[in-house]
Every structure is written in C-alpha cells, then in structure tokens.
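K.L.:
sequence and computational prediction follow.
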Protein chains: 2
Amino acid sequence: MKQADIVVIGGSAAGIAAAITARRHYPEKSIILIRKEAQVLIPCGIPYIFGTLGKPENNLIPDSVLQNNNIELIVNEAVELHAKELDPREKKVVLANGELVLYDKLILATGSSPTVLPIPGFDKKNVYTIKKDAKYLQNLLGTLDNVKDLVILGCGFIGVEFADECKKNRDINVTIVEMLDQCLQIVFGEGACKCCQEIEDYLSTKGITIVTGTSIDEILGDEKITAVRLSNGKEIKADALIVGVGVSSNVELAKKAGLATSKAGVFVDTTMRTSDPNIFACGDCATKFSFFTGQPSTLRLASIATTEARIAGANLYEISRKNLGALGVFATAVGDLTVAIAGVSEKGAKNCGFEVVTGEAEAPDRHPAGMPGTSKMWVKLIFNKVNGELIGGAVKGGPSAGELINAISACIQNRMRANDIAIFQIGTHPAVTASPIAYPLVTAAEIALKKMKT
Amino acid sequence: MKQADIVVIGGSAAGIAAAITARRHYPEKSIILIRKEAQVLIPCGIPYIFGTLGKPENNLIPDSVLQNNNIELIVNEAVELHAKELDPREKKVVLANGELVLYDKLILATGSSPTVLPIPGFDKKNVYTIKKDAKYLQNLLGTLDNVKDLVILGCGFIGVEFADECKKNRDINVTIVEMLDQCLQIVFGEGACKCCQEIEDYLSTKGITIVTGTSIDEILGDEKITAVRLSNGKEIKADALIVGVGVSSNVELAKKAGLATSKAGVFVDTTMRTSDPNIFACGDCATKFSFFTGQPSTLRLASIATTEARIAGANLYEISRKNLGALGVFATAVGDLTVAIAGVSEKGAKNCGFEVVTGEAEAPDRHPAGMPGTSKMWVKLIFNKVNGELIGGAVKGGPSAGELINAISACIQNRMRANDIAIFQIGTHPAVTASPIAYPLVTAAEIALKKMKT
C-alpha cells in the first residue's frame, strides 16, 4: 500500500501539468502520479513520428519533468477508485496488480481514446486509429514499410499532418477521405477557406490525393484491408487505413466509482471539481463548455487540457482559479506554411446564432518585404456584432503565425473590441514581424470596424 | 492654393498611418499629405540598408499606400502653419514655395531629428547621425567603402543593428561605445541581462568590439574624424562615427503657430488633440505619457507612433479612441537570436517605485526539441506586487519571439494578473511553438505567483 496527499491518474499532458501545478502550489504535499504507459508520447508530436522524427522514441515526454518536481511515478493501471462520498472509510485507488494507493485529493486525467467507428471491417488488420501508445505506433511505423496505398480518414489537422509526414521519404500513394467539402473545414468553417485551400494546394503538390464530400462505408479485404468503399460508391485500393476522426473521453474509472459522468466526460464545475469534493478532473476526460456560449464543447486539445490541469492542480486545497471555458486555439504547419485559428470560425459563430462582422488583412511578415525569410501573413478577425467583442481569429503565414495566434487568443480571452485592437501597441522589427503601418492584426480590426459602422 | 478636409504634415510611419486611418473613418473627406522627402524610408529598416538590404532604395515605403487610399501627396516642406485660435480667418499651411494648403482638420506628424550632441568635433566630416533621409544615408553607405575603423556611439537596438549590419561583407573594425555597463541595458534594465549578454556574445563572435561604461568626450581629427577620445581617457582610431543616441521632437512648426509645445513635443491630450481643437499631433513629434504611471515618457517607437496615428486619424471629427499611454514594445534580431521587451524592465519598475515580483522560464520553442529549427525560448515576466498586474515582459529566442512579445503586450494592455496568465489558453504545435506543458509564458507566470505567495 502506498499513499500520498495528492494522487494524479494519467500521465499525458493534463496529468503532468496538473501534478507540476500541484507541486508549485503545495510544496509541502506528497504527490504520486499513476499512469499505465511505460513511456509517454508528446500528443501533438505523434504525426511527426512518421516522417520528421522517425520513431516514437524521438517523441517522448521525459520522466525527468516528474522527478525534477518531486513527483513519485507509479507505472500501473488504475482499475478501481473509491470516492469518499461512496466509501467514507477510505479514499483509495486500486491498481491492476491489486496494490492500493491512498489519497487525500485526487486528480483524474485519464484522457480519451480514439472512437471505434461503426464501419463494417473496422477490425481488419492494418486499420489503425491514433492511440497515444508507443508500441502501437511503432507497429504502424513498421506496417508503413510494406504499404503502397495508404488511406487516411479525416482531413482535420491530424489527417493533414499524417498525410504530409507519411508521404515524406516514402514512395507510397496517400489518399485522404474527408466528409466535408474541404480539407480542415471542420476547424476553419467555411468562412476562412483561404487557409483550407492553401493546405489543399500544398498537399496536392506533394502528390497527396484528397477526396472530399464523402466518407468510408466499408473496409474491404479478408483478414487484412485491401480497399475502402466510399459512400459515393467508389472503391480506393488500400493496404492500410489511418483513422484520424473522433475521440471518446475515458470515463470508466470515474463511472464505476459513482462519480457523475456522461459520454461527454466526467462532470466538473468551473473549479474542475467532480461530484466528489476531493476529486478533480481535467483534460480530455472532463466535460467542457464554450468560452463564448457556456454550452457543452466537444473540443479536445492539449492547450485546453493543460489550462484545465493548471486550474485543477491549483484548486486542490484552496480555490483560486476558475475555468473560463474552452476557447479553442489550434495551429498546424506543412512545408513553409503555418495556419492557425483561435475561438470560433465565422460559420461556428453563425451556428451559435451570433451575428458577426469580419475583417481580413494581409501583409508581408517582414518589412521591407525584401528581408530574408519573408512570407505573406494573412489575418481574419471575427467580431460579435452585438457587443463588438472579438470571438475568433484565423492566421496564415510563416512559422511566426504560431505565436501571432496566441496574441489573438489573448485579445479574445480579454474580450477586446475592434477599437481596442486597432490601437493595440505591437512591437515590430524588420527581421521578425510585419510593418507597424501594415500589421495585419490591426488592419483587420480597422476593416471590421468600418463594416460595423456601415 | 490647395485645400482639403484633412491635411497631414509628415510622411513617415505616423503620417501615413494617420492618413490611412482618416481615410477609413471618413471615406467622404478629401485628404492631402504633405511631406518634404522625395522618398520615405522604413524607419526600423534603416540599419539593414548597410548590410542585408544593400541600399536605401530597398528600404522604401511605396507611395502606392497613399494612392490606394485616395490620399493626395504634396512633396514640399511645410514652413508655416496658421492655427484657427491665432488666425481665425483661415486654417492654412504655407509651403516652402509659398503655396498655401487650406485645411479643415490638421494632423501634425513631423517626427523627430537626431539630437546634435555637445561633443567637441561633432561637426567633423564622417560623423553621422541616423537621419531618415535616403540621400544622407546613401552618402554614409559610400563613406563606409573607404572606412577601416568605424565607431558607433550607443549600444541600444540601433547601435547593435548598425554594428552587425555594417560588419557584414566589410573587412572593417567596428567598435561600439556605450555609456552604461552593458549593451542594450538602456532597454532591458539590469534585470534582464540574459538578453544583453547573449547579444554581446553574438557581436563578439562577429569580431565587433564593445566598450562599455564610457562615453565620447571629443571627436579628433582636422576636417575629418581620425579618432575619438573616450571619457576614460583612451583614444580609438576612427574613420567614421555613427551616433545612435537621442532624438528630439520636431516642434518648430507647431511652436511658431502658437500651439503649446515643449522640448518633449507638441502637447496633446488623450484624444491626440493639440491646444488647437482642429489640430491633432501624433508620433515622435507629440508628447507621450507612460501606460503605467501616467508620467511623461521619452519613448519614441514606430509602434507607439502608429498607435497614436490611429487614434488621431479616427478622432478628427468624432472622438472614438483614447490613448492609454506608451507601453513600449521593442524587438531586435541578430543572427538566429531575437530579443524583445514589452512594458517596463525590472529596473525601470523599481525606478518608478513599483515593488515587483518576477518569474522566468525557458523551454525549446518547438516540441519535441528534436523538431527542426528549434531554439531556446526564454521569458521573463514582471508583475506589480501590489495589484498583481503584469507590467513588463522580456523574451529571448528564435524569430517567433517577435510575435510572442505581442502576446505579452496584449496581456499587459489588458492588465492581466499572474493567475490569469497561468491559465491562458495558448495554441501550440510541434513545428512552431513550445510545448503546452512547458510554454514559458505560462510557466513564468506560475513562478512569479509562487514568489508572491511566499
């Protein structure tokens, strides 16, 4: 039997961030982190295992982050959980080997698992989902050595990144099948199709085929996949299928213990507390709500998970932080192109009933444009027409788009209005940013403002 | 005689931004911009003329930005100005050729000029200040062809950039003379010396000599400079001297017209109006106050100038914007290193009597660190201990530091507290940002918070 003041179940982004936060806020407490994986993968880095990084071992979160923070690590599966409300005698976690771990405060960060889709043939050999499991992905890596025709289902960020990476250094045919009309449309909505179009163009130049407006109805083959049949009736040859759509929250442990759960996750309040006052949950396993509407959100992102983890870890013994709701800040990069989005898309806003005003602007991301390494930086801002607040932004440009979207996220989080952003004091430099005269974030706000007036 | 609803005097960053903003907000008004320069240089790009860009012609703001916005350009010097308060019959600008330009609303964006320092010998040949004048800089460029020993006075951003650029592709000795103890200390204060030290190290590897803690007492030579004598008594051989310290606001025109002015600039209120209700001023020629203290500020930056211009241009006929005060967001880059600062430095804060709490964090700016193009990203945050608000930030890293400082600027401008930044929802991606677990902006906030509690 072991025991600690604070026990965290789950060793991915949310679990680690929660444990480190708990350590920072409660230096005197003992902390144990329980996880089932021998090694932990960087979730967002998984696609890069198949090209840029070369193997799962190059995409690990080192356990030194736990050691350095005096967090004890137990590698084992938590199979049972006793919540005080149901079992007042003791608060304990039961491990797969029968060992018990007693806790005073518990954080659930059990994550999510890829959804098993109800497609006939989904259980055939060489059909892969994207599990955060080094061995499983090593297996996929080996499979790719013997593949000539790879199909990827879903053209969100994961699909784009897998396609690009799998095609690198491999002489294989890669086809992406996407239900919507355009690649990345699920993220950007219909309004920001500049980003989607440029990503599609990039993938095409790399020889990747994109089939949109259709889904997979059946996976063909005997034991092993040989082809997929699309809902439009066509068949595509396939030695392997990678499914990059849908995750489900891992709620089994919480549910068995009697905590309030649903398919959407373990229920938490804005302090990240579950229905048991000593148990918190964060990350992919926890329910989420939108920053904009307060309504349930299906977003599952490492940036949301770590934000929730920093709330849960800080609030264990003293409530000092409150969840503002999921904002949704994504970025991806292929070749020299980075695209990113924060908040809601134009279409997403309209779906929620928001009347919106948008502004777009483009400028070189260096000044003058003759400076080395110049890309075009395009920015779109989406404002709520009623109260004038910024509710969304999209960016397309060079690598610095990855941080520019965070400046936009800060503007959204602080509910800035177009007039505020138009007089935003931005730091600029010829070698690293757009010109102060043409800075596209500011110009996009001005353009939206002009539309609001007319 | 000409006339327009809106007349702008000055064609650099502030003048252009003011005119464009006026066009956006008052589409029906006629606008004339008067400037004396035949061509307008990108102010921040000036150092790059001497290396990366090669000549002034590669660092111009194209006049098409005026044409595209239906702004009439007059290239001539405004030598006299009649303000309504003093001359109720007409509101007019007198040009050097005697021509008159009548206005209804006027924006002064007359900028600043390099201060002539009271150093004996300052008028010798080959002593250059940094004038925003293409011909003058072309002359300096020619001079550098015949120089063996170049001395640069002042190791702020301008001094660093000039030294690095002048050394490129030239076999010359470059020495920077700086009064303070360290290069860039005037910007970063003593507390963020990591940035200063790395810039110094970079310049040293390029063979540039930095002499700190001293100034220039005399410029030696007959007609032409041959050496400088430092205040520590030493002499340094010099065929040319570039002076990168100090600018003075161009207030002569406003002063002659009877507007309230001082050495600090043309007096303006928070709407950017001068003492005459029909005349606005913005940019280097206008008085400034600190975002943090409300006290006079000597900051002169293109980002402040363009912000003020966007306030002035919008407020001409209807006050809709208010100046929040100068924040101060700077960035520079040498080699692969970008350093940037927003708000006050630790020392600057202490000088204002603010008790501060700081937090520092460093992480690779890609994740895993094995991703191509990874640099170390270091962030320092400075909080006001009394109210917990972020008042300053410094960043050191790769090119994306240029946009990360803008995310920090947004946090400062919205007076965010450490607890707010600790749960900031940042977008992350392996190829373009730090990891969501180790994102240094968030970690630095957590570290500061921990110090606040103890």
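P.N.:
Perfect, thanks for sending it. Residues are numbered from 1 along each chain as shown, chains lettered A, B, ... in the order given.
K.L.:
drop to CA atoms for contacts and neighbour counts, all remaining ones
P.N.:
OK.
K.L.:
what about the residue in chain A positioned nearest to chain B, neighbour count?
P.N.:
Nearest residue of chain A to chain B, counting by CA to the nearest CA: residue A:407, 3.7 Å away. Using other CA atoms under 10 Å in any protein chain shown, residue A:407 has 26 neighbouring residues.
K.L.:
hmm, it is touching residue B:410, no?
P.N.:
Yes - contact criterion CA atoms under 8 Å: residue A:407 and residue B:410 qualify, at 6.4 Å.
K.L.:
which parts of the stretch 51-200 of chain A sit against chain B?
P.N.:
Within reach of chain B by CA under 8 Å from any CA of the partner chain, the stretch 51-200 of chain A has these residues: A:52, A:53, A:58, A:59, A:60, A:61.
K.L.:
next, give phi and psi for residue A:27.
P.N.:
With angles defined as degrees, to the nearest 10, residue A:27 sits at phi -60, psi -20.
K.L.:
report the central residue of chain A.
P.N.:
Against the mean C-alpha coordinate of chain A, by CA atoms, centre = their mean, the closest residue is residue A:301 at 2.6 Å.
K.L.:
contacts only, for that one.
P.N.:
Each residue near residue A:301 by CA atoms under 8 Å, 6 or more residues apart in numbering or on different chains is listed here: A:284, A:328.
K.L.:
what is the mean pLDDT for the host helix or strand of residue A:174?
P.N.:
Residue A:174 belongs to strand A:173-178 when elements are defined using DSSP states H and E. Average pLDDT, strand A:173-178: 98.
K.L.:
direction included, what does it pair against?
P.N.:
strand A:149-153 (parallel), strand A:209-212 (parallel) (DSSP bridges).
K.L.:
what's the burial count for residue A:133?
P.N.:
16.
K.L.:
from residue A:304, how far off is it?
P.N.:
21 Å (CA to CA, to the nearest Å).
K.L.:
straight-line length of stretch A:164-184, end to end?
P.N.:
Start-to-end, stretch A:164-184 (CA to CA) is 14 Å.
K.L.:
so which bits of the stretch 351-454 of chain A are right by chain B?
P.N.:
A:367-368, A:370-371, A:399-411, A:413-414, A:419, A:422-433, A:436-437, A:446-447, A:450.
K.L.:
got a quick PyMOL command for the buried subset of those residues?
P.N.:
Restricted to buried positions by 16 or more other CA atoms under 10 Å in any protein chain shown, the PyMOL selection for these reads:
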select buried, chain A and resi 367+368+371+399+400+401+402+403+404+405+406+407+408+409+410+411+413+414+419+422+423+424+425+426+427+428+429+430+431+432+433+436+437+446+447+450
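K.L.:
in helices only, show me the residues of the stretch 351-454 of chain A next to chain B.
P.N.:
A:401-411, A:413, A:419, A:422, A:446-447, A:450 (DSSP state H).
K.L.:
helices of the stretch 101-250 of chain A, start to end?
P.N.:
A:134-144, A:157-167, A:185-188, A:193-205 (DSSP state H, counting those that start in this stretch).
K.L.:
make TSV from those helices and add mean pLDDT to it.
P.N.:
Shown next, in TSV, are the helices of the stretch 101-250 of chain A (pLDDT from 0 to 100):
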stretch	mean pLDDT
helix A:134-144	97
helix A:157-167	97
helix A:185-188	87
helix A:193-205	91
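K.L.:
identify whichever of these lies nearest to residue A:348.
P.N.:
Closest of those to residue A:348 is helix A:185-188, at 8.6 Å (criterion: CA to CA).
K.L.:
adding mean neighbour count, write the helices of the stretch 101-250 of chain A out as a markdown table.
P.N.:
Below are the helices of the stretch 101-250 of chain A laid out as a markdown table (neighbours: other CA atoms under 10 Å in any protein chain shown):
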| stretch | mean neighbour count |
| --- | --- |
| helix A:134-144 | 16 |
| helix A:157-167 | 23 |
| helix A:185-188 | 22 |
| helix A:193-205 | 18 |
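K.L.:
in JSON lines, list these along with distance to residue B:246.
P.N.:
Conversion of these to JSON lines gives the following (distance: least, CA to CA, whole Å):
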{"stretch": "helix A:134-144", "distance to residue B:246": "58"}
{"stretch": "helix A:157-167", "distance to residue B:246": "49"}
{"stretch": "helix A:185-188", "distance to residue B:246": "47"}
{"stretch": "helix A:193-205", "distance to residue B:246": "44"}
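K.L.:
pull the residues that contact the helix-or-strand element of chain A with minimal mean pLDDT.
P.N.:
Least confident element among the helices and strands of chain A, by mean pLDDT, DSSP states H and E: helix A:185-188 (a mean of 87). If you take CA under 8 Å, 6+ apart as the criterion, helix A:185-188 is touched by A:156, A:180, A:193, A:195, A:196, A:341, A:345, A:394.
K.L.:
which ones are touching the second one?
P.N.:
Right, the one you point to is residue A:180. With CA under 8 Å, 6+ apart, residue A:180 has these contacts: A:186, A:212, A:213, A:214.
K.L.:
of those, just the buried ones, PyMOL syntax please.
P.N.:
Only the buried entries of the contacts of residue A:180 go into this PyMOL selection, using 16+ other CA under 10 Å:
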select buried, chain A and resi 186+212+214
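K.L.:
any idea how many residues pack against residue A:248?
P.N.:
So residue A:248, with other CA under 10 Å, has 18 neighbours.
K.L.:
show me what it bridges to in the sheet.
P.N.:
Residue A:248 has these beta-bridge partners by DSSP bridges: residue A:113.
K.L.:
mind listing what it touches?
P.N.:
A:112, A:113, A:114, A:115, A:263, A:264.
K.L.:
how about the fourth one, nearest residue that isn't a chain neighbour?
P.N.:
The shortest distance from residue A:115 to any residue that is not its chain neighbour, by CA to CA, 6 or more residues apart in numbering or on different chains, is 4.8 Å, and that residue is residue A:247.
K.L.:
poorly predicted segments of chain A, please.
P.N.:
Within chain A, the stretches with pLDDT under 70 are A:88, A:191-192.
K.L.:
domain ranges for it?
P.N.:
A:2-113+A:248-315, A:127-245, A:329-453 (automatic domain parsing).
K.L.:
closest one to residue B:24 among these?
P.N.:
domain A:329-453 (6.8 Å).
K.L.:
circling back: distance from the least confident helix or strand of chain A to the middle of the chain?
P.N.:
The chain centroid and the centroid of helix A:185-188 are separated by 13 Å under CA atoms, centre = their mean, to the nearest Å.
K.L.:
again, but for stretch A:445-454
P.N.:
32 Å.
K.L.:
measure the closest residue to residue A:443 other than its chain neighbours to residue A:439 for me?
P.N.:
Counting by CA to CA, 6+ apart, residue A:443 lies nearest to residue A:361, which is 6.0 Å off, once chain neighbours are set aside. Per CA to CA, residue A:361 is found 8 Å from residue A:439.
K.L.:
out of these two, which sits in the more crowded spot?
P.N.:
Higher neighbour count among residue A:361 and residue A:439: residue A:439, with 24 against 20, using other CA under 10 Å.
K.L.:
the more buried one touches residue A:367, doesn't it?
P.N.:
No - Residue A:439 is beyond contact range of residue A:367, at 10.0 Å (criterion: CA under 8 Å).
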